[in-house]
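# need a structure here:
(chains A and B)
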Amino acid sequence: MHDDTLTAENRDKFLALAKSYKQTVKFYNVEKICADKIEKIRQIMSRAEKFERFSIGAVYRLLIADILPANVDKILYFDSDMIINLDVKELYDLNTQGKPLAAISEFDIGIKHEEMYWAHNLVTSGMLKYTEYFNSGVLLIDLKYWRENQNLIEEGLNYIANNTNCDYFDQDVLNYCFGKNYLHMPAKYNCWIPFERRVTSDIKPAVYHYVSQSLRLDARDNFNKLWFKYFAKTSWFSVDALLNIGDGARKIYNDLKDTALRLSILMSKKRRAFFIPSHNIESVTKIFNIDADEEIISTDSQDAFVKMVLSLKEARGKKFFYLFVPDFRAINEVLMKNGLKKDIDYIDGMSLLSERFGMVASTFDLVKKL
Amino acid sequence: MIHVCFGLYDKDGRYSKFTGTSILSMFENVTSPPPFGYRSPFAR
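Now for the predicted structure:
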């Protein structure tokens, strides 16, 4: 299922890929086939609180029953950040037992209740137990059931748009509709890479889901190697892809040099100050060799953020803050609204820490450049 | 016959490689023979 963003070049690559394995690929332009329904969904989504964060592509799966031919009554749906490291036949042959779909609950995937913030609206309202909320990345769908109950999806769309501050619009719609009536599949059909990495480095027959940009350019990890093993067999693996990685690496190298130079100039004119969680003060003091006369504000102290902003404004031009906060982006937005400037008045302290200090190098931006 | 579906919204043309890699991984692990010969993808 696609729209006009699928280029002719990529379409040809998909065709050649299928041909090389003696399989078939068909293309369904959702924007053309379901123009009216897509427009209706856009109107409904525009009422949702986080509308600007949603991609219309994420809702294509909600229209599967309308898009596929009537003679297709069962379908496996996968997100694209998957490696299917087993024969799909074992998954496809599961009997949904008359239920509209089969899926894996996020509880079974390994997500703890308190971590499942994106499901809170459906769970705290009492509509679903947190053990019922499923991930929509892998679905075995009974299309006959969906076609016979078409009103359910629209009902779900309207409910979610009117009642929730949701992060995963399409997933919440599906859970609203089917969270109490689906076949729970084994977790091996939706293994999240961040959780797998915590417990093993062994690759097994499973469907691996590279959520949260967990795919990295890091040869030390078997899960990265698994993805690249398959990628290297596709026609997207090319000279251009490799050189794009080089371009990305060169940009990172130059950005780091510029940051180092800028800090060197700033520190000749300003005093350092730090904004650190209390449990990290000792370690950050050691890493940054903080002097006794350099200011430290604990993020846990009362009115900590206000103190930090006031300190910055009073000593504008004379003080430079290193911030150690979990959500730098949000803090940055607030500081900018207060007239302060990133890399002039403050910096994300975590961005200066390498793997040597336990920080994982996120290389997903480079992967995207392939 | 096994029917499998992916959704693709590819604003900058760089997401297709993820879908393609997923599809290839699936094809690589199919152990049963193909159910039919190659058909024109433009047939609906």
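# does chain A sit close to stretch B:9-23?
Yes: for stretch B:9-23, a contact with chain A is found by Cβ under 8 Å from any Cβ of the partner chain, at B:9-11, B:13-23. Quick note: C-beta positions are derived from backbone N, CA and C, even for glycine.
# For that stretch, what is the distance to the chain centroid?
11 Å (Cα atoms, centre = their mean, to the nearest Å).
# for it, which positions count as buried?
Using 16 or more other Cβ atoms under 10 Å in any protein chain shown as the test for burial, stretch B:9-23 gives B:9-10, B:14-23.
# ok, residue A:127 touching residue A:177?
No: counting by Cβ atoms under 8 Å, residue A:127 sits too far from residue A:177 to count as a contact (11.0 Å).
# between those two, which one's more packed in?
Neighbour count, other Cβ atoms under 10 Å in any protein chain shown: between residue A:127 and residue A:177, residue A:177 has more, with 24 against 16.
# any idea which element the more buried one lies in?
helix A:169-178 (DSSP states H and E).
# ok, then the element right after that helix?
strand A:183-184.
# Give the pairing partners of the following helix or strand past that following strand; include direction for each.
Remark: after strand A:183-184, the chain's next helix or strand is strand A:191-192, criterion DSSP H and E. Take DSSP bridges as the rule and strand A:191-192 pairs in its sheet with strand A:207-209 (parallel).
# just how off-centre is the strand it pairs with within its chain?
Distance, centroid of strand A:207-209 to centroid of chain: 14 Å (Cα atoms, centre = their mean).
# taking the mean pLDDT, what do you get for that strand?
For strand A:207-209, mean pLDDT is 98.
# And stretch A:65-84, what's buried?
Those would be A:65-68, A:72-84, for stretch A:65-84 by 16+ other Cβ under 10 Å.
# near chain B too, which of those?
The subset of the buried residues of stretch A:65-84 within reach of chain B, by Cβ under 8 Å from any Cβ, is A:68, A:72, A:74-84.
# can I get the residues you listed in JSON lines with pLDDT and secondary structure?
Listed next are those as JSON lines, based on pLDDT from 0 to 100; DSSP: H, G, I helix; E, B strand; the rest coil:
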{"residue": "A:68", "pLDDT": "93", "secondary structure": "coil"}
{"residue": "A:72", "pLDDT": "94", "secondary structure": "coil"}
{"residue": "A:74", "pLDDT": "96", "secondary structure": "strand"}
{"residue": "A:75", "pLDDT": "96", "secondary structure": "strand"}
{"residue": "A:76", "pLDDT": "97", "secondary structure": "strand"}
{"residue": "A:77", "pLDDT": "96", "secondary structure": "strand"}
{"residue": "A:78", "pLDDT": "96", "secondary structure": "strand"}
{"residue": "A:79", "pLDDT": "94", "secondary structure": "coil"}
{"residue": "A:80", "pLDDT": "93", "secondary structure": "coil"}
{"residue": "A:81", "pLDDT": "94", "secondary structure": "coil"}
{"residue": "A:82", "pLDDT": "96", "secondary structure": "strand"}
{"residue": "A:83", "pLDDT": "98", "secondary structure": "strand"}
{"residue": "A:84", "pLDDT": "98", "secondary structure": "strand"}
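# Perfect, that will be all.
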